[in-house]
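# need coordinates for the below:
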Amino acid sequence: MALTDAPAPAEAIVRAAGSNLAFALAVLPRSIRRDMRVFYAFCRIVDDIVDDEAAPIGDRRAALDRWRALIAGSGTPRPGLEAEMTELCTRRRLPVATVTEIVDGVAMDLDRDRYETYPELLTYCHGVASAVGLVSIEIFGYRQPATRDYATRLGYALQLTNIIRDVAEDAARGRIYLPREDLARFDLTDDDILSRRHADRVARLLAFEADRATEHYAAAVSALDAIDRPAMRSAELMRVIYSRLLDRMRADGFRVFDRRYRLGKLEKLACLTRALAPI
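Residues are numbered from 1 along each chain as shown. Next up, the predicted model:
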């Protein structure tokens, strides 16, 4: 499908995705699940726009600009996801600035493929993950202001876990999200990552990044008040799945150059039970 074509309806996009997040949406009440599937499809589409390396970069920027305009209430949405997402933004009164941060976050991949410092990386993580969480809790419904901190810290943790898992896959596309200051700490260079060298040092680096992710998971748990926990069941399922994924990588020595880490269906069902269990 060309970038100029109207996106498919949300349901078709979600069915085709088959991601952990799509699985996590199944635990939501029907009306919230429907809205979250529209929002998830939007996040999927803007990410796919950036990753469509067959399309000229100018076309990808134009496609993202179209979404920025639609979110801001400008332009005429076409049938399918555009109409569904603009209707959702209006009906749910989703924060325009935060939804736009998601577009701006994925757009960073058009402009850079390296990060010098950890704070720079967290800026990226905010756009592609924490902002997603901050919009999601508006759809879930929440009562405690600290739940915004929960969404922010959980977003950091989930994205850092993704970055650790996807080191080899990203390197194959010429991207390195691990901060250069951290590579230097472990006597590594960009070329070491791109060439898959010094696996032992890379494992130590990833253990260092995993500790940071673990701190964000713990901070998210601390920020979530019991009164809001039932509404966050989908987010909690994501937390349990990705925490377990991180634990698996850690136990296996972060052999990300040799294997792609994932959880099976039975393991995800076990995570579901744990996520829904009372505290």
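# and the closest residue to residue 133 other than its chain neighbours, how far from residue 233?
Residue nearest to residue 133 in three dimensions, not counting chain neighbours: residue 151, with 3.4 Å by C-beta to C-beta, 6 or more residues apart in numbering. Where C-beta positions appear, they are placed from N, C-alpha and C, glycine not excepted. Residue 151 is 14 Å from residue 233, where distance means C-beta to C-beta, to the nearest Å.
# the residue nearest to residue 133 and residue 238 touch, don't they?
No. Counting by C-beta atoms under 8 Å, residue 151 sits too far from residue 238 to count as a contact (11.0 Å).
# between those two, which is the more surrounded one?
residue 151 (26 against 23; other C-beta atoms under 10 Å).
# show me what the one helix or strand that one maps to is packed against.
Per DSSP states H and E, residue 151 falls inside helix 146-165. Helix 146-165 sits against helix 118-125, helix 131-140, helix 199-223, helix 233-251, with contacts defined as 3 or more C-beta pairs under 8 Å, 6 or more residues apart in numbering; DSSP states H and E.
# could I get those helices as JSON lines with mean pLDDT and distance to residue 8?
Shown next, in JSON lines, are the helices and strands packed on helix 146-165 (pLDDT from 0 to 100; distance: least, C-beta to C-beta, whole Å):
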{"stretch": "helix 118-125", "mean pLDDT": "98", "distance to residue 8": "28"}
{"stretch": "helix 131-140", "mean pLDDT": "98", "distance to residue 8": "20"}
{"stretch": "helix 199-223", "mean pLDDT": "98", "distance to residue 8": "33"}
{"stretch": "helix 233-251", "mean pLDDT": "94", "distance to residue 8": "23"}
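# now for those helices, which one comes closest to residue 40?
helix 131-140 (8.8 Å; C-beta to C-beta).
# and that closest one, C-alpha only, in PDB?
What follows is helix 131-140, C-alpha atoms only, in PDB (Å, rounded to 0.1, in the frame of the first residue of the first chain):
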ATOM      1  CA  ALA A 131       3.400   9.400  25.300                       C
ATOM      2  CA  VAL A 132       1.600   6.200  24.100                       C
ATOM      3  CA  GLY A 133       1.000   5.300  27.800                       C
ATOM      4  CA  LEU A 134      -0.100   8.800  28.700                       C
ATOM      5  CA  VAL A 135      -2.800   8.800  25.900                       C
ATOM      6  CA  SER A 136      -3.800   5.200  26.800                       C
ATOM      7  CA  ILE A 137      -4.600   6.100  30.500                       C
ATOM      8  CA  GLU A 138      -6.900   8.800  29.200                       C
ATOM      9  CA  ILE A 139      -8.900   6.000  27.500                       C
ATOM     10  CA  PHE A 140      -8.500   3.600  30.300                       C
END
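# okay, the angle between that helix and helix 233-251?
150 degrees (axes from the mean of the first three to the mean of the last three C-alpha atoms, to 10 degrees).
# per-residue confidence at residue 10?
Per-residue confidence (pLDDT) for residue 10: 89.
# burial count for the closest residue to residue 167 other than its chain neighbours?
Nearest residue to residue 167 in three dimensions, chain neighbours excluded: residue 256, at 4.6 Å (C-beta to C-beta, 6+ apart). Counted with other C-beta under 10 Å, the neighbours of residue 256 add up to 23.
# over to the one 3 residues further on?
Using other C-beta under 10 Å, the number of residues around residue 259 comes to 11.
# check contacts around it.
residue 252 (C-beta atoms under 8 Å, 6 or more residues apart in numbering).
# is it in a helix, a strand, or coil?
Classification of residue 259 using DSSP: H, G, I helix; E, B strand; the rest coil returns coil.
# do you know how far it is from residue 177?
Counting by C-beta to C-beta, the gap from residue 259 to residue 177 is 19 Å.
# what's the distance between the residue nearest to residue 133 and residue 193?
Residue 151 is 30 Å from residue 193, where distance means C-beta to C-beta.
# per the record, what domains does this structure have?
1-111, 112-279 (automatic domain parsing).
# what about the longest one, distance to the chain center?
Right, domain 112-279. Its chain's C-alpha centre and that of domain 112-279 lie 9 Å apart, by C-alpha atoms, centre = their mean, to the nearest Å.
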